[in-house]
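Student: Sequence below, structure please.
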Amino acid sequence: MAKAQINPEKARWLEVLGVAMPLCLSYIPIGLACGILLHAAGFDFIMTLVVSIVVFSGGAQFILASLLTINAPLSSIFVTLFFLELRYALLGSSLSKYIKSESQHFIWLFAVSMNDENYAINYLKFATDKKWTPKDALLVEHYSLISWSVANMVGGLIGSAISINLEVVDFALTALFLYMIVMQVQNHLTFLISLLSAVLAVCFMVWTHSIIGVIIATLIASFVGFLIENTVRQHSSKPEENWFLTKIFRPKITRTTVEDQQERREMKMAKQELEADEKQPKDK
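Tutor: You can find the predicted model right below:
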């Protein structure tokens with residue numbers, strides 16, 4: 001008896017959906033929570049849907065909900081979100097070489113649909129899969145955008161049916177960014193800069209009596225981190241062995257999934273093909 005095939009005609013949009021599906025499913029719980037918090041901050045489910053499409057950033061939307069609940073001025077909200085989302089300029093530049101041949105309209109649509117998670121998927125696919133096209137990457141972005149927006153809207157509807165303590169917003173935001181900090185701490189320098197930014201944030205918030213103190217602390221700490229790393233790389237013969245840049249111990253992976261093994265094989269094959277291409281002109 002023949003087994004039923006999910007994609008018998010090899011439809012490309014279904015193949016791309018299979019790649020994006022884990023990301024789309026992971027958005028459901030955090031998207032629901034974000035929608036609930038946005039409703040608690042004063043958004044109805046329509047405005048929640050609009051914000052999720054226009055902003056499309058979990059961190060920014062959680063911050064937006066938190067700042068609105070404490071009646072922060074619009075100027076502070078704008079500046080905070082601006083510096084938070086400024087990282088996409090760097091992320092987008094690393095993908096520009098793969099989509100530079102596309103039209104300006106395509107590039108604009110690609111840019112406004114990008115976030116951290118679909119960027120990671122597309123960057124990996126572009127680097128390891130020669131068949132991966134800009135249109136496939138755009139499909140991944142749209143699938144993730146639809147999943148996130150629907151989860152936000154459903155969360156807004158749930159928020160209208162239940163009452164929620166606004167203190168949960170601050171707790172959720174703090175927990176979210178503590179998680180982001182832990183995941184980004186790779187070496188001693190990032191750990192020290194995290195501590196420095198926390199101390200400076202407290203000092204400047206006490207001094208300014210405003211959320212703008214966090215922005216000032218972030219800029220100063222980032223500049224200090226840049227100066228230290230730049231100095232180490234310029235004056236050290238082996239910068240990667242310098243104490244500031246050595247990696248902090250992390251526990252080893254305890255389980256290797258089938259996807260991990262496949263990813264390693266694809267990266268190994270891509271590396272072998274690249275080495276073969278480099279040797280070919282020399283043989284001629």
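Student: Quick one: the helices in the protein, in order.
Tutor: Across the chain, reading from the start of the chain, the helices by DSSP state H fall at 12-40, 45-55, 58-69, 74-85, 87-99, 104-112, 116-128, 134-161, 167-184, 188-208, 212-235, 258-283.
Student: Of those, which shows the lowest average pLDDT?
Tutor: Taking each of these in turn, the lowest mean pLDDT turns up on helix 167-184, with a mean of 67.
Student: Touching, residue 62 and residue 36? I think so.
Tutor: No. Assessed by Cβ atoms under 8 Å, residue 62 is found out of contact with residue 36, at 11.2 Å. Where you see a C-beta, it was placed from the backbone N, CA and C, and this is true even at glycine.
Student: Just give the closest residue to residue 39, not the sequence neighbours.
Tutor: Take residue 39 and drop its neighbours on the chain: the residue closest to it by Cβ to Cβ, 6 or more residues apart in numbering is residue 159, 3.0 Å away.
Student: gap between that neighbour and residue 52?
Tutor: 13 Å (Cβ to Cβ, to the nearest Å).
Student: tell me, what's touching the two both at once?
Tutor: By Cβ atoms under 8 Å, 6 or more residues apart in numbering, residue 159 and residue 52 have these common neighbours: residue 35.
Student: And these two? Which one has more around it.
Tutor: Neighbour count, other Cβ atoms under 10 Å: between residue 159 and residue 52, residue 52 has more, with 26 against 23.
Student: The residue lying closest to that one once chain neighbours are set aside: neighbour count?
Tutor: For residue 52, the nearest residue in space outside its immediate sequence neighbours is residue 152; the separation is 3.8 Å by Cβ to Cβ, 6+ apart. Using other Cβ under 10 Å, residue 152 has 33 other residues around it.
Student: what do you get for residue 199?
Tutor: That count, for residue 199 with other Cβ under 10 Å as the rule, works out to 11.
Student: Residue 41 now?
Tutor: Residue crowding around residue 41 was assessed by other Cβ under 10 Å; the count is 19.
Student: can you pull the pLDDT of it?
Tutor: Looking at residue 41, its pLDDT is 82.
Student: ok, it touching residue 70?
Tutor: No. Shown here, residue 41 and residue 70 do not form a contact pair, counting by Cβ under 8 Å, at 9.8 Å.
Student: wait, which of the helices of the chain is closest to residue 241?
Tutor: Of all those, helix 212-235 sits nearest to residue 241, with 10.2 Å by Cβ to Cβ.
Student: Now do the closest one against helix 188-208, angle only.
Tutor: Interaxial angle, helix 212-235 versus helix 188-208 (axes from the mean of the first three to the mean of the last three Cα atoms, to 10 degrees): 150 degrees.
Student: so how far is helix 212-235 off the chain centroid?
Tutor: 21 Å (Cα atoms, centre = their mean, to the nearest Å).
Student: Pull it out as CSV, backbone CA atoms only.
Tutor: Only the C-alpha atoms of helix 212-235 are listed here, as CSV (Å, rounded to 0.1, in the frame of the first residue of the first chain):
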residue,chain,number,x,y,z
ILE,A,212,15.5,57.9,28.7
GLY,A,213,18.1,56.9,31.3
VAL,A,214,18.1,53.4,29.9
ILE,A,215,18.8,54.6,26.4
ILE,A,216,21.7,56.8,27.7
ALA,A,217,23.1,53.8,29.6
THR,A,218,22.8,51.5,26.6
LEU,A,219,24.7,53.9,24.3
ILE,A,220,27.5,54.5,26.8
ALA,A,221,27.9,50.7,27.6
SER,A,222,27.9,49.9,23.9
PHE,A,223,30.6,52.5,23.2
VAL,A,224,32.7,51.2,26.1
GLY,A,225,32.4,47.6,24.8
PHE,A,226,33.4,48.8,21.3
LEU,A,227,36.5,50.6,22.6
ILE,A,228,37.6,47.6,24.6
GLU,A,229,37.1,45.1,21.7
ASN,A,230,38.7,47.4,19.2
THR,A,231,41.7,48.0,21.5
VAL,A,232,42.2,44.3,22.1
ARG,A,233,42.0,43.4,18.4
GLN,A,234,44.5,46.1,17.5
HIS,A,235,47.2,45.5,20.2
